[in-house]
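>>> sequence unknown, structure follows:
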């Protein structure tokens with residue numbers, strides 16, 4: 001292939017709508033997605049050597065990823081990411097032991113997929129390096145003007161070139177991973193990769209192998225040596241997301257890495273030296289976790305060299321208009337509705353809300369509004385239709401329900417699903433996104449209603 005060719009990704013997925021959504025999400029990053037829904041065709045294409053990586057879906061209605069990984073010898077030279085529609089702990093262990101480079105659980109968020117793909121490409125020879133650089137550069141900007149956030153960014157920028165460990169604390173949805181990426185990108189001296197690990201997403205036995213790697217034969221199913229995330233992040237940055245969810249036994253190994261600068265692969269007899277900058281995040285009260293014996297105090301002191309705390313969105317209301325406009329432009333472009341504006345009363349309502357889910361909640365609400373907007377304006381009804389419809393249809397308002405005012409929860413659920421389908425013109429993918437559920441869950445609900453003799 002020529003030097004200017006993009007990264008080529010082979011995708012095995014049965015669900016047509018999910019395939020199309022994944023293609024739409026990845027192709028703007030310079031990734032050409034070649035989809036197929038047949039195992040034999042997938043194996044045939046994978047042996048061609050034309051692809052940089054593969055994605056395989058795992059689940060009852062998809063494929064058995066662990067079996068496929070063991071069958072495909074071609075995968076030895078191509079990283080494979082597994083997207084699981086449903087996955088038990090036992091499934092996850094088998095999939096990773098079979099050689100998957102990463103496992104992403106449903107729902108598959110765009111940012112999570114970007115991180116997984118970037119991590120998979122780091123350890124494999126690429127025909128075209130610029131595509132990986134392009135992928136890394138497609139990160140969202142940190143949009144703010146509040147003094148609290150500007151101060152955080154000032155500190156982050158000043159310490160970025162160092163190797164000092166950073167502990168980022170803040171509520172869920174405040175942008176902790178985005179800040180970690182900002183620190184990495186501002187560090188000219190640390191030109192290695194950025195590797196993110198969600199410590200809460202994997203069982204302890206699997207997390208240890210993911211972090212530190214293993215030697216061939218270290219355990220049943222370890223058919224080859226595998227580098228861990230720390231080795232993959234050499235000369236760069238590793239993000240330990242939700243570090244307080246890590247088992248105490250693994251915390252001891254992490255402490256040794258911070259102290260000695262070396263890791264021990266599972267089954268290895270000699271340590272491996274690494275040069276990695278560690279950034280950890282948590283949304284828990286870490287001092288309370290220490291007092292409860294769930295987090296090592298000595299590890300806390302090692303991680304807390306540079307402490308950064310992200311303020312909740314409700315304490316930086318001056319940023320809400322900036323963020324709302326930013327997300328409006330982003331999703332208007334994504335869904336082909338360029339030129340949308342907010343209705344006159346929208347911004348006042350957005351700024352008056354508490355936003356318990358912080359920036360993530362605001363972003364989801366704006367995406368919903370863009371999807372539902374019929375004309376040139378995004379209205380309050382587009383943004384908050386679920387609250388309005390439930391309150392209107394059931395006659396419920398805050399503080400007005402008496403103890404004997406009962407209503408059928410299933411009826412309310414069915415009515416909301418019906419409204420979502422009407423507002424999205426029957427598009428199940430958009431309706432599911434609007435409702436905050438998977439397309440599979442929506443299909444199951446509709447199937448239940450049909451069995452009950454109900455038609456939406």
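Yep, it's here. Quantities reported herein were computed from a predicted structural model and do not represent experimental measurements.
>>> show me where pLDDT drops low in the stretch 151-300 of the chain?
Applying pLDDT under 70 to the stretch 151-300 of the chain flags the ranges 188-190, 217-223.
>>> show me where it has its helices.
176-185, 204-212, 229-232, 248-260, 286-291, 297-303 (DSSP state H, counting those that start in this stretch).
>>> try the stretch 351-456 of the chain
Counting by DSSP H, counting those that start in this stretch, the helices of the stretch 351-456 of the chain are 358-372, 380-394, 409-423, 428-435, 439-451.
>>> where among those helices is average confidence lowest?
Mean pLDDT across the helices of the stretch 351-456 of the chain is lowest at helix 380-394; the value there is a mean of 64.
>>> sorry, back to before: and the helices of the stretch 151-300 of the chain: which comes nearest residue 63?
helix 204-212 (20.1 Å; C-beta to C-beta). Heads up, the C-betas are built off the backbone N, CA and C, glycines and all.
>>> got the buried residues for that closest one?
Buried residues in helix 204-212, counted by 16 or more other C-beta atoms under 10 Å: 205, 206, 207, 208, 209, 210, 211, 212.
>>> also stretch 416-433?
Per 16+ other C-beta under 10 Å, stretch 416-433 contains these buried residues: 416-421, 423-424, 428-433.
>>> show me which of these is closest to residue 327.
The nearest one, if we look at the buried residues of stretch 416-433 relative to residue 327 and count by C-beta to C-beta, is residue 433, at 14.3 Å.
>>> does the closest one really touch residue 371, like I thought?
Yes: judged on C-beta atoms under 8 Å, residue 433 makes contact with residue 371 at a distance of 6.9 Å.
>>> what's the closest of the helices of the stretch 351-456 of the chain to residue 89?
Using C-beta to C-beta, those put helix 439-451 closest to residue 89, at 20.1 Å.
>>> quick check: closest non-adjacent residue to residue 436.
Distance criterion C-beta to C-beta, 6 or more residues apart in numbering; nearest residue to residue 436, sequence neighbours excluded, is residue 364 at 7.2 Å.
>>> any idea how far residue 278 is from that neighbour?
Separation of residue 364 from residue 278 (C-beta to C-beta, to the nearest Å): 30 Å.
>>> more neighbours, those two?
Of the pair residue 364 and residue 278, residue 278 is the one with more neighbours under other C-beta atoms under 10 Å, namely 22 against 16.
>>> tell me the contacts of the nearest residue to that one once chain neighbours are set aside?
Once flanking residues are discounted, residue 278 sits nearest to residue 165: 4.8 Å by C-beta to C-beta, 6+ apart. Each residue near residue 165 by C-beta atoms under 8 Å, 6 or more residues apart in numbering is listed here: 258, 277, 278, 279, 280, 302, 303, 304, 305, 306.
>>> burial of the fifth one, as a residue count?
Same thing as residue 280. The burial count for residue 280: 27, using other C-beta under 10 Å.
>>> contacting residues for it?
165, 166, 167, 168, 239, 240, 243, 303.
>>> could you measure from the fourth one over to residue 186?
Computed with C-beta to C-beta, the distance linking residue 168 and residue 186 is 14 Å.
>>> quick one on the thing from earlier: which among the contacts of residue 280 count as buried?
Here, 16+ other C-beta under 10 Å leaves 165, 166, 167, 168, 239, 240, 243, 303 buried among those.
>>> tell me which of these is nearest to residue 6?
residue 239 (26.2 Å).
>>> just to revisit the earlier point, can you lay out the buried residues of helix 204-212 as JSON lines showing distance to residue 20?
Formatted as JSON lines, those follow (distance: C-beta to C-beta, whole Å):
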{"residue": "205", "distance to residue 20": "36"}
{"residue": "206", "distance to residue 20": "31"}
{"residue": "207", "distance to residue 20": "33"}
{"residue": "208", "distance to residue 20": "37"}
{"residue": "209", "distance to residue 20": "34"}
{"residue": "210", "distance to residue 20": "30"}
{"residue": "211", "distance to residue 20": "35"}
{"residue": "212", "distance to residue 20": "38"}
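>>> what is the nearest of the residues you listed to residue 116?
Distances from residue 116 to these, taken by C-beta to C-beta, are shortest for residue 210, at 12.0 Å.
>>> my guess is that closest one meets residue 96, correct?
Yes: with contact defined as C-beta under 8 Å, residue 210 and residue 96 form a contacting pair (7.1 Å).
>>> skip the chain neighbours and tell me the closest residue to residue 94.
In space, and not counting its chain neighbours, residue 94 is closest to residue 66: 4.2 Å by C-beta to C-beta, 6+ apart.
>>> quick one: terminal-to-terminal distance for stretch 238-255?
14 Å (C-alpha to C-alpha, to the nearest Å).
>>> pull out the buried residues from that stretch.
Buried, per 16+ other C-beta under 10 Å, within stretch 238-255: 238-246, 250-251, 253-255.
>>> off-centre distance for it?
19 Å (C-alpha atoms, centre = their mean, to the nearest Å).
>>> stretch 263-280 now?
Relative to where its chain is centred, stretch 263-280 has its mean C-alpha point 25 Å off (C-alpha atoms, centre = their mean).
>>> in it, what's buried?
Applying 16+ other C-beta under 10 Å to stretch 263-280 flags 263, 264, 265, 266, 272, 274, 276, 277, 278, 279, 280 as buried.
>>> ok, now stretch 55-75?
55-59, 62-66, 68-70, 72, 74-75.
>>> next: stretch 432-443.
Result for stretch 432-443 [16+ other C-beta under 10 Å]: buried residues 432, 433, 434, 435, 437, 438, 439, 440, 442.
>>> what are the contacting residues of that stretch?
By C-beta under 8 Å, 6+ apart, stretch 432-443 touches 15, 17-18, 61, 85, 106-107, 364, 367-368, 371-372, 386, 416-417, 420, 423-424, 428-429, 431.
>>> domains in the protein, as residue ranges please.
1-138, 139-311, 317-451 (automatic domain parsing).
>>> correct me, but residue 163 touches residue 274?
No: in this structure residue 163 lies outside contact range of residue 274 using C-beta under 8 Å: 11.5 Å.
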